[in-house]
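A.B. asks: Turn this into a structure:
(2 chains)
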Amino acid sequence: MTRVRFAPSPTGFLHIGGARTFLFNWLYARKLGGTVVLRIDDTDTLRSTDASLQSILQGMEWLELDWDEQYYQSKRLQLHIDAAHALLKKGAAYRDFVPASTDDPKDHSETKVSWTCNPGERERSVEESDRLAAEGKPFVIRFRVPREDPKGVAFKDMVFGKQFRKYVDMEDFALLRSDGNPTYHLATCVDDGDLKITDILRGQDHLTNTFKHVLIFEALGYETPTFGHMPLLLGPDGSKLSKRKHGPIVSVTNYRDAGFLPQAFINFISLLGWSSKDNQEVFSLEELRAKFNAADILRTNSIVQFDENDAVNWAPPKAVWLNGQHLRSMPVEKLIKYVNPELIKAGWWQDEFEGDPDILKKIDAIRSRFNMLGEFQQRGAAYFCDEFPTEDKAVENLDKDNARELLRGLADPLEALADFSHDTVEATLRAYAEEKGVKAGLLINGSRAALTGQSVGPSAFEVFDLIGQEKAVQRLRAV
RNA sequence: GGCGCUAUCGUCCAGGGGUCUAGGACAGGGCCCUCUCAAGGCUCAGACACGGGUUCAAAUCCCGUUAGCGCUACCA
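C.D. replies: All right, here's what the predicted structure looks like:
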């Protein structure tokens, strides 16, 4: 039984890289009928906040990807501590009484020699170690890497293939800090082992950590999961995408607020570091689930092309295009779930709209020109209410020749129409144009301007049909 | 410094010894369609990091260089 996990730390909002990790794990598990576990890695009590947790949950909810089990790492603390002591008892770990180094860990000066352990600490006898501990001397528990063994750790990565690291190149990493709290490595492995996680898809930044993790799994007697490491997401400047450096633009909720459809956002991030190999780019979630294959995950980092300096058009162009694709192809019945909130926000919503086929028809007609949900608010006024602005370009169309007078005159034959439809309106308008000796285009573009206040939009005859006879006639007479 | 990982158009991805005068998508230019704007169709421009090998043949395999990234914490 496949079990995957997504383990975010609630130290900020859900960011795009986290969303992709979640998505890939979800696709992987759901394709195999497996279980998705959400584990909140909230052991960093200093940085973890409830606001962050809520924000992450909100982001995940928006994505509409579900999970089956949920845990909080902070509630599993004793398990981690017990594991550290079990390893100590087995001799797989030892106490190190040397105080934490105050050196800057970022200092990689040329003089720095590679560090593997504090001399003398791992050789101390159990009796001596126990005695010092009993005296109350602070210590850290470290994993005893079998450095005398010339071999090393090997595992097969789903993405990167065979991986190997010699024991001599590995340091005796910490398991339990001197304050009694487990390190990330320990906590994550104990939880993954205890929760019987079978497959782990995570960021490539953990590729070299995995050697340590394999050691922990084996020493603890857990089944070692299968790993797959994904390439990192980089900012336009080529540096690793981070909240600190790239700001709120990497937040998933930002995409939601910008008017993205979750399906399109998912489609977009699925294309970052993965491809179906057949050049298909537009995918529904179902198609993704069917086509996703961890072996097809790329090994190269990819740049997310957003523009942090542009408050309006910051979103990656391809994401915007994909959103348009989804906006257009999604069944309208499904789309209204995302459009209705826009109508509500704009203040146009009326209860009669609910289930009204005319509303569906309007949405269907105007959506083909939109890329973002927000455009329904920005450019949909004339279709959903009687108060709408008239754009400058539309005014120009109305001011052409004696367009206004002609349009007012056009209202009469249209009002007289018994069957008011796209075709009858077209016939009427063209006949009227001929009668008046003007080009039909003048009245066509003028009509759109009069009915919608816009110079651009759906076919004018479609607009008549959408607006309806009564209102169309009113609007023509009002020019 | 040590140990790894990676390197194809501006960006995201195909191609993984001959079918490559390197394919698709986004963005950009042009044309068509057309009542406008989109959409759609067609089209132009645009890349194998560099240097050595191996081979009849290298974008593809090997080595090196360079660059980027990761790990090298009692961060995660």
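A.B. asks: can you tell me the helix or strand for A:Thr224?
C.D. replies: Element membership for A:Thr224 (DSSP states H and E) is empty, with no helix or strand holding it.
A.B. asks: and it, how many residues sit next to it?
C.D. replies: 19 (other CB atoms under 10 Å). Yep, even glycine has a C-beta here, placed from its N, CA and C like the rest.
A.B. asks: what does the one 4 residues further on give?
C.D. replies: Here the neighbour count serves as a burial measure; for A:Gly228 (other CB under 10 Å) it reads 21.
A.B. asks: Check the gap between it and RNA strand B for me.
C.D. replies: 13 Å (CB to the nearest atom of the strand, to the nearest Å).
A.B. asks: hang on, isn't that residue packed against A:Val159?
C.D. replies: Yes - if you go by CB atoms under 8 Å, A:Gly228 and A:Val159 touch, sitting 4.9 Å apart.
A.B. asks: and for the two, which residues touch both?
C.D. replies: A:294, A:297 (CB atoms under 8 Å, 6 or more residues apart in numbering).
A.B. asks: now stretch A:219-235: how far from the chain's centre is it?
C.D. replies: 20 Å (CA atoms, centre = their mean, to the nearest Å).
A.B. asks: tell me which residues in the helix or strand of chain A with the lowest mean pLDDT are buried?
C.D. replies: The weakest-scoring helix or strand in chain A, judged by mean pLDDT, DSSP states H and E, is helix A:243-246 (a mean of 79). For helix A:243-246, burial by neighbour count (16 or more other CB atoms under 10 Å) applies to A:His246.
A.B. asks: Could you see whether RNA strand B lies near that helix?
C.D. replies: No - with CB under 7 Å from any atom of the strand as the measure, helix A:243-246 is seen stopping short of RNA strand B, the closest distance being 10.2 Å.
A.B. asks: Look at A:Ser336 and say how many residues are nearby.
C.D. replies: Small correction: residue A:336 is Ile, not Ser. 20.
A.B. asks: can you tell me the average pLDDT over stretch A:206-218?
C.D. replies: For stretch A:206-218, the mean per-residue pLDDT is 97.
A.B. asks: Go ahead and produce CSV holding the CA coordinates of that stretch.
C.D. replies: In CSV, the C-alpha atoms belonging to stretch A:206-218 read as follows (Å, rounded to 0.1, in the frame of the first residue of the first chain):
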residue,chain,number,x,y,z
HIS,A,206,17.4,16.9,0.5
LEU,A,207,19.2,14.6,-1.9
THR,A,208,22.5,14.5,0.1
ASN,A,209,20.5,14.4,3.4
THR,A,210,19.0,11.2,2.3
PHE,A,211,22.2,9.2,3.1
LYS,A,212,21.7,10.2,6.7
HIS,A,213,18.1,9.3,6.6
VAL,A,214,18.7,5.9,5.2
LEU,A,215,21.1,5.3,8.0
ILE,A,216,18.5,6.3,10.6
PHE,A,217,15.8,4.2,9.0
GLU,A,218,18.0,1.2,9.0
